[in-house]
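> coords please:
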Amino acid sequence: MNVLVATDGSKYGQWGLNWVAKLPLVEPPNVTALYVLDGAAFRLPFRTKLEIQRMEAHSARTLRKAKKQLTSLKLKGSVRKEQGLVAPVILKRAPKRNGLLVVGSQGLNALDRFTLGSVSTNLIHHATCSVLVVKDEAAPLRRITLATDGSDASAKALAFVLTKFQPNRSTGKGRQVPIHVSVIHVMPFGKYPGLKEATHKLIEPSVRKLLKAGFTAEPVCQPGNPAEEIMKVASKQHADLIVMGAKGLGAIARFLLGSVSTRVVQHSSCSVLVVR
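Residues are numbered from 1 along each chain as shown. Alright, predicted model coming up:
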């Protein structure tokens, strides 16, 4: 899989490469670490020559650190620098549909406009590939919260887990244990005949596929606000990662994924993978 990791020298950018190394990917990734020197910053009237030199020096340090990090993590790939508007450049260099874009949820000081935090929401809206938004330091995946609503988008999220991830993780003691996946569907408020049964029927095929692949899995049905319930379940179960589709069935039904993926990315305490 081709993976592009956007980096800006912040800890979130550095965590992105660590996440790629820790993900239980079936195939070794081909990684590009991309640093974008914000071209708009050079055109600001209050930028002095000294400040521009500082930005150039920062980019050079970031590239050196990224090269060392790739080597230490034993990741195959390269480091590149480009200049321009940050989000458009990252989107231009992002992998095609079957690849992965990794970006930090926050970047450096907001005064430095070459930060990642200001563009992560833009990327999840416009990237044609799946996007991993990193919120914390990487660790071996133990628990995943997989959101589903029966849409094609949530089916793609399930397929990503099944085809891109190995079902087991190493305990570090020579043993392999299954990764646990909680498959959650958020039901609308109110009592409707057969709703609970229909919800279980919606989730059960996903759970069976995960079990067959070697994961451990459980269904979770929750009434309420979709974004809030997805994040509550992830927090309660100490999930390392939330996986969800980029779009749901439609905006009219408020319990669908399409209307909540941005909110989950913005407010979740754990990292989020938005699948396309």
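
> thinking residue 102 is in contact with residue 1, fair?
No: using Cβ atoms under 8 Å, residue 102 is not in contact with residue 1, being 11.3 Å away. C-beta: built from backbone N, CA, C; applies to glycine.

> ok, the two, which is more surrounded?
residue 102 (28 against 18; other Cβ atoms under 10 Å).

> as PDB, could you dump the C-alpha coordinates of the helix or strand containing that one?
Assessed by DSSP states H and E, residue 102 sits inside strand 100-104. Taking Å, rounded to 0.1, in the frame of the first residue of the first chain, the C-alpha atoms of strand 100-104 are listed here in PDB:
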ATOM      1  CA  LEU A 100      -3.600   5.900   2.800                       C
ATOM      2  CA  LEU A 101      -3.000   9.500   3.900                       C
ATOM      3  CA  VAL A 102      -1.800  10.000   7.400                       C
ATOM      4  CA  VAL A 103      -2.100  13.500   9.000                       C
ATOM      5  CA  GLY A 104      -1.900  14.900  12.500                       C
END
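
> helices of the stretch 101-250 of the chain, start to end?
Remark: helices assigned in the stretch 101-250 of the chain by DSSP state H, counting those that start in this stretch are 120-126, 152-164, 195-213, 226-236.

> how far off centre is the shortest one?
On the basis of Cα atoms, centre = their mean, to the nearest Å, helix 120-126 is displaced by 11 Å from the centre of the chain it belongs to.

> mind checking which of the helices of the stretch 101-250 of the chain is nearest residue 20?
Taking Cβ to Cβ, helix 152-164 is the member of these nearest to residue 20, at 12.1 Å.

> does anything pack onto that closest one? Which helices or strands?
If contacts are counted by 3 or more Cβ pairs under 8 Å, 6 or more residues apart in numbering; DSSP states H and E, helix 152-164 sits against strand 143-147, helix 195-213, strand 241-245, strand 271-275.

> which positions in it come out as buried?
Within helix 152-164, the residues scored as buried using 16 or more other Cβ atoms under 10 Å are 153-158, 160-162, 164.

> contact partners for residue 221?
With contact taken as Cβ atoms under 8 Å, 6 or more residues apart in numbering, residue 221 is in contact with 184-185, 187, 196, 199-200, 203.

> so which of those comes closest to residue 274?
The nearest member of the contacts of residue 221 to residue 274, counting by Cβ to Cβ, is residue 184 at 15.5 Å.
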